[in-house]
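Student: please find the sequence and the predicted model below.
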Amino acid sequence: MYIKSALDSHNESDEQQLREIERIAEEENVSILVFDQESYNGDLFNLGITQYTRTLAYYQNGKAKKNLDFMNLSEDQITSEISNFIQDVKFDFID
(Lines give C-alpha, C1' and ligand atoms only; values in the text may rest on other atoms or scores of the structure.)
Protein backbone atom coordinates (compact mmCIF):
# COMPACT_ATOMS: atom_id res chain seq x y z
CA MET A 1 0.00 0.00 0.00
CA TYR A 2 1.20 3.48 -0.86
CA ILE A 3 0.05 6.44 1.24
CA LYS A 4 -0.29 9.65 -0.77
CA SER A 5 0.40 12.85 1.10
CA ALA A 6 -2.36 15.37 1.75
CA LEU A 7 0.07 18.25 1.22
CA ASP A 8 -0.11 20.06 -2.11
CA SER A 9 3.65 20.58 -2.04
CA HIS A 10 4.11 16.78 -2.35
CA ASN A 11 1.75 16.27 -5.31
CA GLU A 12 4.42 16.19 -8.01
CA SER A 13 6.73 13.77 -6.21
CA ASP A 14 3.77 11.60 -5.12
CA GLU A 15 2.62 11.31 -8.72
CA GLN A 16 6.12 10.45 -9.99
CA GLN A 17 6.59 7.81 -7.31
CA LEU A 18 3.14 6.40 -7.88
CA ARG A 19 3.66 6.12 -11.65
CA GLU A 20 6.88 4.24 -11.06
CA ILE A 21 5.30 1.99 -8.41
CA GLU A 22 2.40 1.13 -10.72
CA ARG A 23 4.70 0.47 -13.68
CA ILE A 24 6.97 -1.87 -11.75
CA ALA A 25 4.06 -3.57 -9.97
CA GLU A 26 2.46 -4.30 -13.35
CA GLU A 27 5.73 -5.76 -14.65
CA GLU A 28 5.99 -7.93 -11.52
CA ASN A 29 2.29 -8.86 -11.63
CA VAL A 30 1.44 -7.55 -8.15
CA SER A 31 -1.37 -5.29 -6.98
CA ILE A 32 -0.76 -2.04 -5.14
CA LEU A 33 -3.38 -0.29 -3.04
CA VAL A 34 -3.15 3.51 -2.92
CA PHE A 35 -4.56 5.40 0.05
CA ASP A 36 -5.10 9.09 -0.65
CA GLN A 37 -4.77 10.80 2.72
CA GLU A 38 -6.32 13.96 1.30
CA SER A 39 -9.67 12.15 1.10
CA TYR A 40 -9.48 11.22 4.80
CA ASN A 41 -9.31 13.93 7.47
CA GLY A 42 -8.68 11.69 10.44
CA ASP A 43 -5.64 10.07 11.93
CA LEU A 44 -4.48 7.03 9.95
CA PHE A 45 -3.75 5.24 13.21
CA ASN A 46 -7.51 5.27 13.92
CA LEU A 47 -7.90 3.06 10.85
CA GLY A 48 -5.20 0.70 12.09
CA ILE A 49 -2.68 2.01 9.57
CA THR A 50 0.75 2.39 11.12
CA GLN A 51 2.30 3.63 7.90
CA TYR A 52 3.40 7.20 7.20
CA THR A 53 2.65 9.21 4.08
CA ARG A 54 4.93 8.87 1.06
CA THR A 55 5.81 5.31 1.97
CA LEU A 56 5.17 1.93 0.40
CA ALA A 57 4.45 -1.01 2.67
CA TYR A 58 3.55 -4.67 2.42
CA TYR A 59 0.95 -5.92 4.90
CA GLN A 60 0.29 -9.49 5.92
CA ASN A 61 -2.53 -10.36 8.33
CA GLY A 62 -3.06 -6.67 9.10
CA LYS A 63 0.57 -6.01 10.06
CA ALA A 64 3.17 -4.09 8.08
CA LYS A 65 5.96 -6.52 7.25
CA LYS A 66 8.16 -4.38 5.02
CA ASN A 67 8.36 -0.62 4.36
CA LEU A 68 10.00 1.66 1.82
CA ASP A 69 10.32 5.31 2.79
CA PHE A 70 10.82 7.71 -0.12
CA MET A 71 11.82 10.69 2.03
CA ASN A 72 15.58 10.17 1.83
CA LEU A 73 15.80 8.70 -1.68
CA SER A 74 17.17 10.63 -4.61
CA GLU A 75 15.29 10.53 -7.90
CA ASP A 76 18.00 8.22 -9.25
CA GLN A 77 17.38 5.70 -6.46
CA ILE A 78 13.59 5.50 -6.66
CA THR A 79 13.23 3.02 -9.54
CA SER A 80 15.78 0.55 -8.20
CA GLU A 81 14.48 0.79 -4.64
CA ILE A 82 10.88 0.16 -5.73
CA SER A 83 11.97 -2.76 -7.87
CA ASN A 84 14.05 -4.23 -5.03
CA PHE A 85 11.19 -3.73 -2.57
CA ILE A 86 8.65 -5.53 -4.76
CA GLN A 87 11.05 -8.36 -5.61
CA ASP A 88 11.97 -8.80 -1.93
CA VAL A 89 8.29 -8.89 -0.92
CA LYS A 90 7.53 -11.47 -3.59
CA PHE A 91 10.48 -13.62 -2.49
CA ASP A 92 9.97 -13.24 1.27
CA PHE A 93 6.18 -13.32 1.54
CA ILE A 94 4.37 -14.25 -1.67
CA ASP A 95 6.21 -16.93 -3.67
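Tutor: Happy to help now that I have it.
Student: strands along this protein, start to end?
Tutor: Remark: strands assigned in the chain by DSSP state E are 2-4, 34-36, 55-60, 63-69.
Student: packing partners for the second one?
Tutor: Just to be clear, that refers to strand 34-36. In this structure, strand 34-36 makes packing contacts with strand 2-4, judged by 3 or more C-beta pairs under 8 Å, 6 or more residues apart in numbering; DSSP states H and E. Placement of C-beta: from N, CA and C, glycine included.
Student: any idea of the mean pLDDT in the strand it packs on?
Tutor: Per-residue pLDDT values over strand 2-4 give a mean of 81.
Student: who touches it?
Tutor: 10, 14, 17-18, 21, 32-38, 44, 49, 51-56 (C-beta atoms under 8 Å, 6 or more residues apart in numbering).
Student: let's see that with 6 Å instead.
Tutor: Asp14, Ile21, Val34, Phe35, Asp36, Gln37, Gln51, Thr53, Thr55, Leu56 (C-beta atoms under 6 Å, 6 or more residues apart in numbering).
Student: and for stretch 48-64?
Tutor: 1-3, 5, 37, 65-70, 89, 93.
Student: for that stretch, the distance to its chain's centre please.
Tutor: In this view, stretch 48-64 has its centroid 8 Å away from the chain centroid, taken as C-alpha atoms, centre = their mean, to the nearest Å.
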